[in-house]
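[1] Pasting a predicted model and its sequence here:
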Amino acid sequence: MALVVMKFGGSSVADADKIKYVAGKIVAKSKAGNKVVVVVSAPGDTTDNLLEMAGKITSNPPSREMDMLLSTGEMISISLLAMAIDSVGSRVISMTGPQAGISADADHTRAKIKKINQKKVKDQLAKNNIVIVAGFQALNPNGDITTLGRGGSDLTAVALAAALEADSCEIYSDVEGVYTTDPRIVKDARKIDCVSYDEMLEMAGSGAQVLQSRSVEVAKKFGVEIHSRSTFNENQGTIITSEEKIRRKQMEDLLISGITFDKNQVKFTIIDLPDLPGVAAKIFGRLAEIGVNVDMIIQSAAVDKKNDISFTVSKQNMKKTQVELDRTIPEFKATSTSVICDEHIAKVSIIGIGMKSNPGVAAQMFEVLYKKGINIEMISTSEIKISCIVDEVDIVKAVEELHKSFGLSKKNQENLL
Ligand code: ADP
Ligand code: ASP
Ligand code: MG
């Protein structure tokens, strides 16, 4: 008897009809002779709505209370889904993250899973129950409920699959799998059959919402193969697995596997910083202390013992960053130093393991952007990713043109066959 973890995202359980439909899918999987553990997210936009409601009460909510609030969304889904399964005569039990034995660290709103006591779920499976677990939540060492960062139900699913040594981990959403780019933006985007953990990590980390980055990290660490697929049909989706397994299937690496974009970024530029050791350490050390994650960083060459530093952070961290810079910069006692914040930027990235063995990919990317008159404000690279910051008005054009130029559209694939 196989053990299957099925995860359904918020769009799959957005209303009563969808919950009943999903219940039918789960029951069918169970009746086919599988032990089934289900992880579910909050219905539809519930988490966003809860965040908005909190924002109307205070601009500075205690993070413990934020987690108390946000964790309620998933409680709605587990109970309703369990009722739907019970109503068609199958044995089922819903469990919160803590009830399912999921423990995390004390970092409220972005906690890391530390341990799963798999006996809790296994005991329920042994009683022939379908087990429905609330995604995105865990118990911290103080006995408080905590949440795992946006999109964290993916992480719950992968971590449970690893702890339970599940035979498969299926992540269901409103798309058929991982596409060459967001299919909501580029109609010509194509479903990818297989993608490596590293490529998926880069894609998730640079804007592809379909899987949460940390869930991919954990999948890679524990060798959990993920099947990302649609809730609303039975088609094969995308397999996220190791590079070795993919290489065995594919003779040639694709040059580029996917294009991502991220509009949730702002750029700070600090002008005329004194060119002294320790300046960058102080600025970025302070930002790290207040929990601001810095993405891209550029430092210009020093002129007259001064230089400029530009970096990007997420829009949510804009105010915090501004306040911290206002505090830190005067400490350098350089009167000409000033800070500029640009909210109207976006990041476009191209990702592919084929880049490792093919020079000229960066040049092709820059050429495509140049030919469309798109100015590049910042560049960063990793072994399998190149990212450019551009003006936000140019982002859709940039994605479409790069998608075409690197041969990712459906038409291109038909030509290959
Ligand atoms: P869920 O609610 O099931 O967790 P999400 O909304 O988190 O689903 O993720 C699915 C969405 O991710 C899709 O609707 C799609 O528009 C978006 N998306 C962005 N980039 C990609 C991509 N490269 N491939 C597939 N979907 C993507
Ligand atoms: N409900 C949470 C969110 O919207 C977790 C998830 O959907 O995975 O981020
Ligand atoms: Mg999601």
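    That came in fine, so what should we check first? Ligands and ions are numbered 1, 2, ... in the order given.
[2] ok now do whichever residue of the stretch 251-400 of the chain sits closest to ligand 2, which residues does it touch?
    Closest residue of the stretch 251-400 of the chain to ligand 2, C-beta to the nearest ligand atom: Gln316 (12.9 Å). C-beta coordinates here come from the backbone N, C-alpha and C atoms, glycine included. Counting by C-beta atoms under 8 Å, 6 or more residues apart in numbering, Gln316 touches Asn264.
[3] same question, Leu3
    Asn34, Lys35, Val37, Leu125, Leu164, Glu165, Ala166, Asp167.
[4] which one is the fifth one nearest to, not counting chain neighbours?
    Counting by C-beta to C-beta, 6 or more residues apart in numbering, Gln118 is the residue found nearest to Leu164 once chain neighbours are left out, at 5.3 Å.
[5] Which pLDDT value belongs to the one you found?
    Per-residue pLDDT puts Gln118 at 95.
[6] Can you give me the separation between it and Ala159?
    10 Å (C-beta to C-beta, to the nearest Å).
[7] now do Asp394
    38 Å.
[8] out of these two, which sits in the more crowded spot?
    The neighbour comparison of Asp394 against Ala159 (other C-beta atoms under 10 Å) goes to Ala159, with 28 against 19.
[9] give the contact list for the residue lying closest to the more buried one once chain neighbours are set aside.
    Counting by C-beta to C-beta, 6+ apart, Ile113 is the residue found nearest to Ala159 once chain neighbours are left out, at 4.9 Å. Ile113 is in contact with Ile102, Ser103, Ala104, Ala138, Leu148, Leu155, Thr156, Ala159, Val218, counting by C-beta under 8 Å, 6+ apart.
[10] near ligand 2 at all, the helix or strand where the fourth one lies?
    Okay, so that is Ala138. Following DSSP states H and E, one finds Ala138 within strand 137-139. No - using C-beta under 6 Å from any ligand atom, strand 137-139 never reaches ligand 2; the gap is at least 8.8 Å.
[11] what's that strand in contact with?
    For strand 137-139, the external contacting residues (C-beta under 8 Å, 6+ apart) are 67, 71, 74, 96-98, 102-104, 111, 113, 145-148, 152, 156.
[12] Next step: the contacts of Leu3 restricted to strands.
    Per DSSP state E, strands hold the following members of these: Lys35, Val37.
[13] farthest-separated two in the contacts of Leu3?
    By the measure C-beta to C-beta, these have their two most distant members at Asn34 and Glu165, which lie 14.2 Å apart.
[14] who has more neighbours, the two?
    Per other C-beta under 10 Å, whichever of Asn34 and Glu165 has more neighbours is Asn34, with 19 against 10.
[15] Now do the residue of the chain positioned farthest from its centre, the pLDDT please.
    Farthest-out residue of the chain from its mean C-alpha position, per C-alpha atoms, centre = their mean: Asp304, at 42.2 Å. Predicted confidence (pLDDT) for Asp304: 82.
[16] repeat for the one 5 residues further on
    What the model reports as pLDDT for Ile309 is 94.
[17] and it, which of the three is it?
    Taken by DSSP: H, G, I helix; E, B strand; the rest coil, the conformation at Ile309 corresponds to strand.
[18] still on that earlier bit, run through the bridge partners of the residue nearest to Ala159.
    For Ile113, the beta-bridge partners are Ala104 (DSSP bridges).
[19] Show me which residues of the stretch 1-150 of the chain sit near ligand 2.
    Counting by C-beta under 6 Å from any ligand atom, the stretch 1-150 of the chain sits next to ligand 2 at Gly9, Gly10, Ser41, Ala42, Thr47, Gly73, Gly135, Phe136, Arg150.
[20] The second one and Asp48 touch, don't they?
    No - no contact is recorded between Gly10 and Asp48 when judged using C-beta atoms under 8 Å, the distance being 9.2 Å.
[21] between the two, which one's more packed in?
    Gly10 (23 against 13).
[22] Which helix runs longest in the protein?
    helix 63-87 (DSSP state H).
[23] what's the next secondary structure element after that one?
    strand 92-95.
[24] elements contacting that following strand?
    Here strand 92-95 touches helix 63-87, helix 119-126, strand 130-134, going by 3 or more C-beta pairs under 8 Å, 6 or more residues apart in numbering; DSSP states H and E.
[25] Mind telling me what element Ile240 is part of?
    Going by DSSP H and E, Ile240 is in strand 238-241.
[26] now that strand: mean pLDDT?
    For strand 238-241, mean pLDDT is 97.
[27] Who are the packing partners of that strand?
    strand 194-196, helix 197-205, strand 226-230.
[28] Give me whichever of the ones you listed is most buried.
    With neighbours taken as mean count of other C-beta atoms under 10 Å, the helices and strands packed on strand 238-241 reach their highest mean count in helix 197-205, at a mean of 24.
[29] what about that helix, average pLDDT?
    96.
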